[in-house]
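Asks: How does the following fold in three dimensions:
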Amino acid sequence: MATAVLQRSGVGPPAPSRAAGAYRPDVDGLRAVAIVLVVLFHVGFVPMSGGFVGVDVFYVVSGFLITGLLGRELATTGTISFRRFYARRARRLLPMASLVLVVTAGVAWLVMPPLGLAQVGSDVLAAALFVVNASYARQATDYWASSIDRSPVLHYWSLSVEEQYYVLWPILLFATVVLARRWWHRPFPLLGALSAVFVTSLALSVVLTPLSPSSSYFGLHTRAWELATGGLLALAGQRLARLGRSASAVLAATGVGMVVVAALSFDDGTPFPGYAALLPVLGTALVIVAGMGGLSGVSRILATGPMVTIGRLSYSWYLWHWPVVVFVLYPLQGAARASSSAWFTGSALWVVVAVVLSFSLAWASNRLVENPVRFAPRLVAAPAAALRMAAVMIVVSVAAAGCLQYAANEPPPMATASGVQLAMTPKEALADDPNTHGCGGSDSEAEPDCVFGDPESPVRIALVGDSHAQHWFPAFEKAARTHGWALYFWGKVGCPITDAKIRTTKAGEVFTDCAEWRTRVIEQLQAVGEFDVIVVSRAFHYGGTLVDGAGAQIPSESVVDTWAAGTRRTLDLLEPLTARILLMRDTPSSPEPVAQCLSEALPDDSLCALDASTQAHRDAALFEAEQLAAGQDEQVSFYDPTALFCGAGECLVVTRDGVIVFRDEGHMTATFSRSLSRDVGVFVSAEL
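Replies: Numbering: from 1, shown residues only. Next comes the predicted model:
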């Protein structure tokens, strides 16, 4: 009776035909395409710069399969057994997810520096609880933190999105059925509910991707439409099964072509998901629809034995491949990771090792863990037992995260091999960032009360720039108090004061906030009116992020001219406001986080020392451009602080007083910065 009511009111799908729930080998072939794209992208296969769209293929396939399963249950029983559904999901997903988390935690404990274990432990915990996507979204908003893309469980963000979908999806469908059953004369069909999800989520994706790229990339709210696409196909797609073989072949070829075009043409500069995700999502949808009327053309290729085999291993391979990339490829940053092929960003040999090792682990664990647990007769027959198993596995994964946190808290040696007593631990150095009193950070404000030292002093100094101006702030603030200056400070993470368009290195979008912040800083400087010295500091990396007015990256041969033109425009704005402008060269930087390196290397801090020939003066192109812009301008001078860090070909990371110089790859600890106040007083006084 319930089923009849559902059918009559248009709530459920049509009564399933014999083939409605039939196995689709071409869908497994789609999974194979998805996992190959993702793996090639992650191992640095250059032509596959948009291989991350494989995740979107997975989402459409998941939405299609899961909604089809639930829809058939609704059509035949009139209800959904939540216990059986969640037990099936637990058997399918948790054994492998927990195994890879525990093994990854163990390998991290063996090979990673102690200071890095705390973050990995936090990531493993969030992954075990299926909220790591939210964690990464939060971290990524913090200057697109570079530690994220080296997290060995980064890929669990997409699994978290799927798990959140699995929790909410059956509830949504069941609630729709209940509403329609209560008001059957006011039908609230499943197609309508899924269409509402599709439209709402797609709108959010399009609107929010340029405004909040990190939360949009990692969020269920901007990805749900991809899963809903598959769901709509499951509920309505059978009506397209009447397509002829020729039409099906054209649809399948077009769909696969759309996915491949996205994988080849997208890159880290493509705002995603947003509009761009329509290409791989709709392409996947076309392939699924094409296979509903029978297999032909590309669909027949997808259904071949090798493709099906890879597709069936895709879940295990997806889980294993990223930890292998992190532990095998990322440490090879020297000659081993230098490109020996135009096709790879890393050594082709090590890429092959990573691919073969991850696939081998997937094959073995699929046969030893994934399938035996998934199809265990006792667990299949007893959903409660499967749910208890799931709880145990989650607890084990959480315990693994706790072990990493415990290992991270082991006290490090407090003396170097040369006998220097450390004044801080590496963990303390990591957290020793400057307190800019709200005048620096990631927002675009430039508050008028950002004045320090002696606000009434006739000597007015301004320090402006990006995060590298911020790491100089403790030194300038102490010097201002010592010399009785009025110090004005405005900084914004990732934004130089130079009038140039840049894009963020992680989000890939043009950093439009910089122009807004720059305008506000100039307005504040103009409001003060007269300065003795304006000091400008910036990082070295902008040469690789400069874009033109259309958002296209500036080629390397044009970096000097572009930066010089932007510098000249900025100098023209600043010169009427000050007697002198002091442009600072960037400080040395490390290829790896210094605090983490020391946490592993101590007491031998020399293992973390920097080669001055490669790690100092990395801003050579920008410095050349600034000199070109200044020309013979007598108002402009330059200061190179390298001698404060380096000597005899080496840049130290621990001072003779035991102070750790850098908290990450290139930002000074606030303690070390304050120790340079005397030097700051000398070179600024020389400009007065």
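
Asks: C-alpha from now on. contacts and neighbour counts both.
Replies: Noted.

Asks: So residue 201 versus residue 223, what's the distance?
Replies: To residue 223, residue 201 is 7 Å away according to Cα to Cα, to the nearest Å.

Asks: Contacts for whichever strand or helix holds residue 279 next, please.
Replies: If you go by DSSP states H and E, residue 279 is part of helix 278-290. For helix 278-290, contacts defined as Cα atoms under 8 Å, 6 or more residues apart in numbering pick out 26-27, 30, 53, 56-57, 60-61, 226, 229-230, 233, 237, 240-241, 243, 247-249, 251-260, 262, 299.

Asks: Next: stretch 210-222.
Replies: Identification of contacts with stretch 210-222 by Cα under 8 Å, 6+ apart yields 133-134, 136-138, 140-141, 157-158, 161, 164-165, 201-202, 204-205, 208-209, 223, 271-273, 507, 509.

Asks: Among these, name the buried ones.
Replies: With neighbours counted using 16 or more other Cα atoms under 10 Å, these contain these buried positions: 133-134, 136-137, 140-141, 157-158, 161, 165, 201-202, 204-205, 208-209, 223, 271-273, 507, 509.

Asks: Now, those residues that are in helices?
Replies: Per DSSP state H, helices hold the following members of those: 133-134, 136-137, 140, 157-158, 161, 165, 201-202, 204-205, 208-209.

Asks: Specify which member of the residues you listed is nearest to residue 659.
Replies: Within those, distances to residue 659 taken as Cα to Cα reach their minimum at residue 140, with 28.8 Å.

Asks: does residue 463 sit in a helix, a strand or a coil?
Replies: Residue 463 falls in the strand class when you classify it by DSSP: H, G, I helix; E, B strand; the rest coil.

Asks: Tell me how far it lies from residue 284.
Replies: In this view, residue 463 and residue 284 are 52 Å apart by Cα to Cα.

Asks: Give me the more crowded residue out of the two.
Replies: Legend: neighbour count by other Cα atoms under 10 Å for residue 463 and residue 284, higher for residue 284 (31 against 21).

Asks: Do you know the pLDDT at that one?
Replies: What the model reports for residue 284 is a pLDDT of 97.

Asks: That one and residue 405: what is the separation?
Replies: For residue 284, the distance to residue 405 equals 41 Å [Cα to Cα].

Asks: What is the longest helix along the chain packed up against?
Replies: For the chain, the helix that runs over the most residues, judged by DSSP H, is helix 82-111. Here helix 82-111 touches helix 114-128, helix 305-324, helix 371-374, helix 383-408, going by 3 or more Cα pairs under 8 Å, 6 or more residues apart in numbering; DSSP states H and E.

Asks: Can you add mean neighbour count and give these back as CSV?
Replies: What follows is the helices and strands packed on helix 82-111, written out as CSV (neighbours: other Cα atoms under 10 Å):
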stretch, mean neighbour count
helix 114-128, 24
helix 305-324, 22
helix 371-374, 18
helix 383-408, 19
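
Asks: Break the chain down into its domains, please.
Replies: 2-9+26-408, 434-588+617-641+671-685 (automatic domain parsing).

Asks: Where among those domains is average confidence lowest?
Replies: Looking at these, the lowest mean pLDDT belongs to domain 2-9+26-408 (a mean of 87).

Asks: Distance from that domain to the middle of the chain?
Replies: Per Cα atoms, centre = their mean, to the nearest Å, the displacement of domain 2-9+26-408 from the mean C-alpha position of its chain is 16 Å.

Asks: contacts for the helix or strand containing residue 299?
Replies: Per DSSP H and E, residue 299 falls inside helix 298-302. Outside helix 298-302, the residues that touch it by Cα under 8 Å, 6+ apart are 25-30, 249, 252-253, 256, 287, 290-291, 307-308.

Asks: And residue 618, how close does it get to residue 638?
Replies: 16 Å.

Asks: Neighbour count for the two, which is higher?
Replies: Of the pair residue 618 and residue 638, residue 618 is the one with more neighbours under other Cα under 10 Å, namely 19 against 16.

Asks: Surely residue 114 touches residue 596?
Replies: Yes: judged on Cα atoms under 8 Å, residue 114 makes contact with residue 596 at a distance of 7.2 Å.

Asks: returning to that earlier point: reformat the helices and strands packed on helix 82-111 as TSV; add distance to residue 680.
Replies: Formatted as TSV, the helices and strands packed on helix 82-111 follow (distance: least, Cα to Cα, whole Å):
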stretch	distance to residue 680
helix 114-128	31
helix 305-324	44
helix 371-374	65
helix 383-408	36
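
Asks: Residue 39 is nearest to which of these?
Replies: Residue 39 lies closest to helix 305-324 among the helices and strands packed on helix 82-111, at 6.8 Å (Cα to Cα).

Asks: Residue 473 and residue 538: what is the separation?
Replies: As judged by Cα to Cα, residue 473 and residue 538 stand 12 Å apart.

Asks: Residue 246 now?
Replies: Residue 246 is 60 Å from residue 538, by Cα to Cα.

Asks: More neighbours: these two, which one.
Replies: Applying other Cα under 10 Å to residue 246 and residue 538 shows that residue 538 carries more neighbours, namely 27 against 12.

Asks: Now do the contacts for the more buried one.
Replies: With contacts defined as Cα under 8 Å, 6+ apart, residue 538 is in contact with 465-469, 496-497, 584-586.
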